[in-house]
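[1] build me a model from this:
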Amino acid sequence: MSNTKDRILIIALDLFNSQGMAKVTLRTIANKMGISQGNLNYHYKRREDIVEALYFQMVENINEAVNNSFQSQNYLEALFGVSKTIMFTFYKYQFFLLDFVLIMREHKTIKQHYIKLIKQRELEFLNAIDMLIDAGLLRQPLFINEYNNLFKRFQILSDFWMSSVIVEQGKITRASVNQYSEITYQSIFPYLTLKGQELYKSVSLS
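    Numbers count the residues shown, from 1 in each chain. Sure, this is the predicted structure:
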């Protein structure tokens, strides 16, 4: 990727995060960079192309975190670690969650990819659940699709926690990321065995 294309994505990300997508046009990005819109259009013809590039950049970062997560033998710590990494990645690309519905309505490519990605994430989550059950840290499910529904709750929290922060606090901070990471961790506590609860206390307080 050329230096100009790199700079376009960096500036666009900053503008999307600080102003919201509705206020940022190709001209806004070009003016911020001090280049002509024609120069910018040489690299990205549409604003949608920039949004898609940032989306796939974000997904690549998250995929790397997920793929590296369970190399540790402490599965519960690994689960918490990847969850926190994902939330901090969303913090870096916060416009995506703040304009989530708008993006899904206007970007067919992103929506189609995201739907497939969520199905993949669910399989990864359920595999992690099986590992935790086998390790004696999680109890067996009590009813059909119990852990599928737990994933769905995690997904909803992941997609919309930033909206809650903006409404209540006015801006996203690293402290709010830590706060909602802890909320996510605590969601799994009722499913832990006694062994899992003891490990949870040592992991969550470390």
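
[2] count the neighbours of Glu124 for me.
    Counted with other C-beta atoms under 10 Å, the burial measure for Glu124 works out to 16 neighbours. C-beta here means a position set from N, CA and C on the backbone, and glycine is covered the same way.

[3] what about the nearest residue to it once chain neighbours are set aside, neighbour count?
    Residue nearest to Glu124 in three dimensions, not counting chain neighbours: Val66, with 6.3 Å by C-beta to C-beta, 6 or more residues apart in numbering. Look at Val66: counted by other C-beta under 10 Å, it has 17 neighbours.

[4] try Gln186
    11.

[5] is it located within a helix, as I assumed?
    Yes. Counting by DSSP: H, G, I helix; E, B strand; the rest coil, Gln186 is located in a helix.

[6] correct me if wrong: Thr25 contacts Ile50.
    No. In this structure Thr25 lies outside contact range of Ile50 using C-beta atoms under 8 Å: 10.6 Å.

[7] the two: which has the busier surroundings?
    Between Thr25 and Ile50, counting by other C-beta under 10 Å, Ile50 is the more crowded of the two (24 against 13).

[8] from Glu182, how far out is the more buried one?
    Ile50 sits 33 Å away from Glu182, going by C-beta to C-beta, to the nearest Å.

[9] also Tyr42?
    With the distance defined as C-beta to C-beta, Tyr42 ends up 45 Å from Glu182.

[10] again, but for Ile118
    From Ile118 to Glu182 the distance is 23 Å (C-beta to C-beta).

[11] for Asn63, same thing?
    Counting by C-beta to C-beta, the gap from Asn63 to Glu182 is 24 Å.

[12] with Ile8 instead?
    Plainly put, Ile8 is 36 Å away from Glu182 if you go by C-beta to C-beta.

[13] ok, Ile103 next?
    27 Å.

[14] these two - which one has more neighbours?
    Looking at Ile103 and Glu182 with other C-beta under 10 Å, you find the greater number of neighbours at Ile103, namely 20 against 13.

[15] just to be sure, the more buried one is in a helix?
    Yes. Residue state for Ile103 (three-state DSSP) corresponds to a helix.

[16] dump the residue contacts of it.
    Taking C-beta atoms under 8 Å, 6 or more residues apart in numbering as the contact definition, Ile103 lies against Met21, Val51, Tyr55, Phe96, Ile110, Lys111.

[17] surely the last one touches Met104?
    Yes. The pair Lys111 and Met104 passes the contact test of C-beta under 8 Å, sitting 4.8 Å apart.

[18] so what's the residue nearest to Glu124 up against?
    Shown here is Val66, whose contacts under the criterion C-beta under 8 Å, 6+ apart are Val82, Ile86, Arg121, Glu124.

[19] so is it in a helix, a strand, or just coil?
    Strictly by three-state DSSP, Val66 counts as helix.
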